[in-house]
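> No letters, just coordinates:
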């Protein structure tokens, strides 16, 4: 009995340590307790769970789930499972610090042209910023609880300061929007907001609401850090050059008017024709703006956005870097599955965005529906782990969805617009998370309708 109790406690600790979906943990612990013939009750404590579900470790989580399934199916004794969980929890990180910083460089440098329209020279700057960000997170923030409290806002200020300073260089060599957005992509709370939405949909009101509020406030801090870093650069580095940015800002602005448009041409038989709705007016005199970046057609190739055909190798490259950055073993046979699922998710998201360009939540829902179907079918019919095979593609939907919804950074002319820009970033994160949540639940409904024999040992979103 003592071994069974300790096994369940270590199982809960391992699930939460390596980033398992918390709204599924309670169900799996109850299933393990029933299988091992022990009476147990479990309760979430929001403050503890917000802090305990930290970085995802895919290989370790796969090993934990394999151990859990082995004990559940009576292939492994409880005592052997206990020893296996203890070894997994005591094992050092899969990759050393320098390798993890290199993977962060790869993720940010690739996502810069893929999602935020960066050029060849922009991607190197954003990758360097992400490398520094990762080093500070793994070294300074991990060793100092004082710095950990201000880690996110400090690195967002640094990234935004560097991006704005480089974009102020005469000649417009660098794009502020693409560098700043890609530089902080690793600390976006997209996974936290997604888990909170899934918890609320699963009627886990207590943990879901606490986690959602935490993620929203976190996003506000991130947005304020970006605007503060930009302001500091304008104030101390090159204040005069900021006036020239007005040309780009005016080209990016759109005046939105709600009301009725009525034709007053009395010579026309349709003079009484009127339209009700929302009308947007943009400055169309400058057609060289691409995703918030000015791109002159006469510039050389390394200052232009990447052509569409480069996505065929950039998207798999980002998927591989993202999986390895989340501590997936490069020797694992699951890695190609993660890359394929992520590419399918990105393709569905991109195609749906062509037809639903003004529906911010539906495009991520389409990508989540595809990866949800693939992940659940993989789990049902090949005995794989659905969650770990899906997580790379789901995380890919966050920067893609944010880029389609308007990006992370925005221009502002007053303090009111500055606060509104940070607030808008939080709303975009929620919009993307809701779309992904809908897609994942619809995919689970379809799989359950086709194969109702669900196993309690499965772990999915």
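Everything's here; your move. Because the structure is a prediction, the values reported are computed rather than measured. Numbering: from 1, shown residues only.
> Burial check on the residue nearest to residue 188 when sequence neighbours are not counted, number of neighbours?
Computed as Cβ to Cβ, 6 or more residues apart in numbering, the closest residue to residue 188 that is not its neighbour in sequence is residue 398, at 5.9 Å. Quick note: C-beta positions are derived from backbone N, CA and C, even for glycine. The number of residues packed near residue 398 is 23, by other Cβ atoms under 10 Å.
> and what of residue 73?
Neighbourhood size, residue 73 [other Cβ under 10 Å]: 12.
> ok, so what distance separates it from residue 80?
13 Å (Cβ to Cβ, to the nearest Å).
> residue ranges for the strands of the protein, please.
Listed in chain order, the strands of the chain (DSSP state E) span residues 254-262, 274-282, 289-290, 293-294.
> What mean pLDDT does the third one get?
The average pLDDT for strand 289-290 rounds to 70.
> which residue sits closest to residue 32 in space, ignoring its chain neighbours?
residue 8 (5.9 Å).
> The one you found against residue 38, yeah?
Yes: shown here, residue 8 and residue 38 form a contact pair, counting by Cβ atoms under 8 Å, at 7.3 Å.
> Look at those two and report which has more neighbours.
residue 8 (21 against 13).
> contacting residues around residue 79?
residue 3 (Cβ atoms under 8 Å, 6 or more residues apart in numbering).
> so how far is residue 296 from it?
69 Å.
> before we move on, what about residue 343?
Distance, residue 343 to residue 296, using Cβ to Cβ: 32 Å.
> And those two? Which one has more around it.
Using other Cβ under 10 Å, the more surrounded residue of residue 343 and residue 296 is residue 343, with 20 against 9.
> residues in contact with that one?
Applying Cβ under 8 Å, 6+ apart, the residues contacting residue 343 are 315, 316, 319, 393.
> Can you list the low-confidence ranges for this protein?
Low-confidence segments of the chain (pLDDT under 70): 1, 43-54, 238-287, 290-292, 356-361, 383-384, 400-422, 452-461.
> Find the centremost residue of it, please.
Geometric centre of the chain, nearest residue: residue 398, 3.5 Å, by Cα atoms, centre = their mean.
> what residues are up against it?
Residues near residue 398 by Cβ under 8 Å, 6+ apart: 188, 190, 191, 194, 429, 432, 433, 436.
> mind pulling up the phi and psi values for residue 329?
phi -70, psi 130 (degrees, to the nearest 10).
> typo on my end, it should be residue 36
Backbone geometry at residue 36, expressed as degrees, to the nearest 10, gives phi -90, psi 10.
> max-length helix in the protein?
Ranked by residue count under DSSP state H, the longest helix found in the chain is helix 415-450.
> how far does that helix sit from the chain's center?
Remark: helix 415-450 is offset 11 Å from the chain centroid, using Cα atoms, centre = their mean, to the nearest Å.
> Go through that helix and flag the buried ones.
418, 421-422, 424-426, 428-441, 443-444, 447 (16 or more other Cβ atoms under 10 Å).
> ok, now stretch 70-81?
Those would be 70, 71, 72, 76, 78, 81, for stretch 70-81 by 16+ other Cβ under 10 Å.
> thinking the last one is in contact with residue 67, fair?
Just to be clear, that refers to residue 81. Yes: Residue 81 is within contact range of residue 67, at 5.2 Å (criterion: Cβ under 8 Å).
> ok, back up a step: quick one: which two of the contacts of residue 343 are the most distant?
Longest distance between any two of these is 11.7 Å, between 316 and 393; criterion Cβ to Cβ.
> Touching both of the two, which residues are there?
Joint contacts of residue 316 and residue 393 (Cβ under 8 Å, 6+ apart) are 342, 343.
> Would you mind telling me which of those two has the busier surroundings?
Between residue 316 and residue 393, residue 393 has the larger neighbour count (other Cβ under 10 Å), namely 29 against 17.
> distance of that one from residue 370?
Counting by Cβ to Cβ, the gap from residue 393 to residue 370 is 8 Å.
> Now do the shared contacts for these two.
Common neighbours of residue 393 and residue 370 are listed as 344, 345 (criterion: Cβ under 8 Å, 6+ apart).
> What sits closest to residue 375 if chain neighbours are left out?
Excluding the flanking residues, the one nearest residue 375 by Cβ to Cβ, 6+ apart is residue 390, at 3.7 Å.
> Just list the residues touching residue 447, thanks.
Going by Cβ under 8 Å, 6+ apart, the list of residues near residue 447 reads 372, 373, 376, 377, 380.
> what about the nearest residue to residue 148 once chain neighbours are set aside, distance to residue 325?
Among residues not flanking residue 148 along the chain, residue 141 sits closest, at 4.4 Å (Cβ to Cβ, 6+ apart). Distance, residue 141 to residue 325, using Cβ to Cβ: 16 Å.
> Please say which of the two ends up with more neighbours.
Taking other Cβ under 10 Å, residue 141 and residue 325 do not tie; residue 325 has more neighbours (27 against 20).
> for residue 91, phi and psi?
Dihedral angles for residue 91 - degrees, to the nearest 10 - are phi -70, psi 140.
> Now do it against residue 78, distance only.
21 Å.
> What is the burial count for residue 289?
Residue 289 is flanked by 15 other residues according to other Cβ under 10 Å.
> That one bridge partners, please.
residue 294 (DSSP bridges).
> now the helices for the stretch 301-450 of the chain?
Per DSSP state H, counting those that start in this stretch, the stretch 301-450 of the chain carries helices over the ranges 311-325, 334-355, 362-382, 386-405, 415-450.
> just the stretch 101-250 of the chain next, same as before
Assignment of helices within the stretch 101-250 of the chain using DSSP H, counting those that start in this stretch yields the ranges 120-135, 141-143, 145-148, 151-167, 176-183, 190-201, 205-236, 245-252.
> For the second one, name the packing helices and strands.
Looking back up the chat, that one is helix 141-143. helix 145-148 (3 or more Cβ pairs under 8 Å, 6 or more residues apart in numbering; DSSP states H and E).
> so how far is the helix it packs on from its chain's centroid?
For helix 145-148, the distance to the chain centre is 24 Å (Cα atoms, centre = their mean).
> Packing partners of it?
helix 141-143.
> hmm, who's touching the helix it packs on?
By Cβ under 8 Å, 6+ apart, the list of residues contacting helix 141-143 reads 147, 148, 151.
> how about JSON lines for those residues, with neighbour count and distance to residue 15 added?
Listed next are these as JSON lines, based on neighbours: other Cβ atoms under 10 Å; distance: Cβ to Cβ, whole Å:
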{"residue": "147", "neighbour count": "15", "distance to residue 15": "28"}
{"residue": "148", "neighbour count": "13", "distance to residue 15": "23"}
{"residue": "151", "neighbour count": "17", "distance to residue 15": "25"}
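> ok, these vs residue 102, which is closest?
Nearest to residue 102, judged by Cβ to Cβ, of the contacts of helix 141-143 is residue 151 at 20.3 Å.
> Does the closest one touch residue 140 like I think?
Yes: taking contacts as Cβ under 8 Å, residue 151 lies within contact range of residue 140: 7.4 Å.
> show me the contacts for residue 338.
Applying Cβ under 8 Å, 6+ apart, we find residue 338 in contact with 58, 319, 323, 328, 388, 389, 391, 392, 393.
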